[in-house]
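Enquirer: everything below, folded, please.
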Amino acid sequence: MKHTKLSTLTIFLAVLFLGIITGLAQEGGEAAAAAAKPQGETIAKVILHGGPLIIVIWLAILGTSVTMVTFVIQNTISMRAEKLAPTALVNSLQDLISAGNYQTAMEVCESKSIYLTNVLKAGLSRLSRGKEAVEDSMAEHALREAQVLRTRNSYLSVIGVVSPMIGLLGTVIGMMGAFATLGASGISDPRSLATSIGEVLMATASGLFIAIPAFIAYYIFRNRAQMVIVYADDKVNQLMADIPYAQLQGSQGGQAAPMPVMAQAQPSPEPPRYASSLPVAKCPACHGDMTVGQSPCPHCGAAIDWAR
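Expert: Residues are numbered from 1 along each chain as shown. Modelled structure (predicted):
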């Protein structure tokens, strides 16, 4: 629905723009030529009277005007700092990266495809490879994203070059027809000849009226693209400035490598117990086992006289 409304607005503005062009071109002609034109003759009748080639050329002029208005609207919408790096998104990513939630930040970038997220995603995906790899990847993707913006704007320059050539082609074809008529019937009606020449020059004037605003828009959007790209790159660098690359070396998927688990201390083994080689006797008082020569008894505490 959004694209349909945009297309309808583009066509309406292009037709309005072309109507202004043809009106200005017609008013810029000679007053005598306008007076010599038959009453009730419109621009559409003049175009149809020119033949198939003139009709095709005027359709091409209409097409270039529609295309120019389309690119002007698209560039106006897309070449904004808030479009390339929205403030709310920058703040959200800043909180995630500061907290070390790199995987969540990666998922946020994957869910929204704009300049900021595309460049930042390229850096987050290479955190485990070190700072140099991250910076190289972001620089490469930043060049790609910037090229997309500049390519769309360069079409306005193409329109500025092509539209006068299309208009000139229509003028040349119309002049060929006018001079062919002049060669066949002579110059018996110079006013009619001047009127025909004025009509064919409308094509050149229309091409120039398209080319001039196209060139102006091209240079305006070229400078604006540079400004918004610098702004978005600055936001990306701010987000990646405080990342601890040394701690993330060898991590996977943008997550820090888990800390090694310390091995639990094992209890020291008890010293082996060796069997006593001394003879064992019975306590005279309690008859408990005890070593010969031991006194008192470990069981009852009675003093033993082993000399007896």
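Enquirer: tell me the pLDDT at residue 159?
Expert: If you check residue 159, the pLDDT there is 93.
Enquirer: sorry, that was for residue 290
Expert: For residue 290, the model assigns a pLDDT of 71.
Enquirer: show me the beta-bridge partners of it.
Expert: residue 281 (DSSP bridges).
Enquirer: what sits against it?
Expert: 280, 281, 282, 283, 297, 298, 299, 304 (C-beta atoms under 8 Å, 6 or more residues apart in numbering). All C-beta spots, glycine's among them, are computed from the backbone N, C-alpha and C.
Enquirer: mind telling me what element residue 138 is part of?
Expert: Using DSSP states H and E, residue 138 sits in helix 131-185.
Enquirer: so what's residue 123 scoring on pLDDT?
Expert: Reading off the confidence values, residue 123 has pLDDT 89.
Enquirer: what's the span of stretch 96-107, first residue to last?
Expert: 11 Å (C-alpha to C-alpha, to the nearest Å).
Enquirer: in that stretch, what counts as buried?
Expert: Buried positions in stretch 96-107, judged by neighbour count with 16 or more other C-beta atoms under 10 Å: 96, 97, 100, 101, 102, 103, 104, 105, 106.
Enquirer: run a quick neighbour tally on the nearest residue to residue 288 once chain neighbours are set aside.
Expert: Nearest residue to residue 288, sequence neighbours excluded (C-beta to C-beta, 6 or more residues apart in numbering): residue 299, at 3.6 Å. Neighbour count for residue 299, taken as other C-beta atoms under 10 Å: 13.
Enquirer: thought residue 299 was touching residue 282?
Expert: No - with contact defined as C-beta atoms under 8 Å, residue 299 does not count as touching residue 282 (10.3 Å).
Enquirer: joint contacts of those two?
Expert: Common neighbours of residue 299 and residue 282 (C-beta under 8 Å, 6+ apart) are 288, 290.
Enquirer: filter the buried residues of stretch 96-107 down to just the ones in helices.
Expert: 96, 97, 102, 103, 104, 105, 106 (DSSP state H).
Enquirer: tell me the secondary structure of residue 242, please.
Expert: coil (DSSP: H, G, I helix; E, B strand; the rest coil).
Enquirer: next one: phi and psi at residue 286?
Expert: phi -110, psi 0 (degrees, to the nearest 10).
Enquirer: scratch that, residue 302 is what I was asking about
Expert: phi -70, psi 140.
Enquirer: from residue 229, how far off is it?
Expert: 101 Å (C-beta to C-beta, to the nearest Å).
Enquirer: how is this protein divided into domains?
Expert: 2-33+40-248, 279-308 (automatic domain parsing).
Enquirer: where are the low-confidence patches of this structure?
Expert: 1-51, 181, 184-196, 249-280, 292-293, 306-308 (pLDDT under 70).
Enquirer: where do the helices sit along it?
Expert: Going by DSSP H, the chain shows helices at 2-27, 31-36, 43-49, 52-78, 81-84, 87-98, 102-111, 115-124, 131-185, 190-239, 245-248.
Enquirer: closest one to residue 291 among these?
Expert: helix 245-248 (63.2 Å; C-beta to C-beta).
Enquirer: which of the residues in that closest one are buried?
Expert: 245, 248.
Enquirer: check stretch 212-224 too.
Expert: Result for stretch 212-224 [16+ other C-beta under 10 Å]: buried residues 213, 214, 217, 218, 220, 221, 222, 224.
Enquirer: contacts for that stretch?
Expert: By C-beta under 8 Å, 6+ apart, stretch 212-224 touches 68, 71-72, 75, 79, 150, 153-154, 156-157, 159-160, 163.
Enquirer: what do you get for stretch 109-121?
Expert: 83-86, 89-90, 93, 105-106, 108, 124, 138, 141-142, 145, 149, 229, 232-233, 235-236, 239-240.
Enquirer: can you do 7 Å?
Expert: Stretch 109-121 is contacted by residues 84-85, 89-90, 93, 106, 124, 138, 141-142, 145, 232, 235-236, 239 when judged by C-beta atoms under 7 Å, 6 or more residues apart in numbering.
Enquirer: please apply the same query to stretch 232-245.
Expert: Contacts for stretch 232-245 (C-beta under 7 Å, 6+ apart): 84-85, 90, 93-94, 97, 115-116, 119-120, 123, 127, 130-131, 134, 138, 142.
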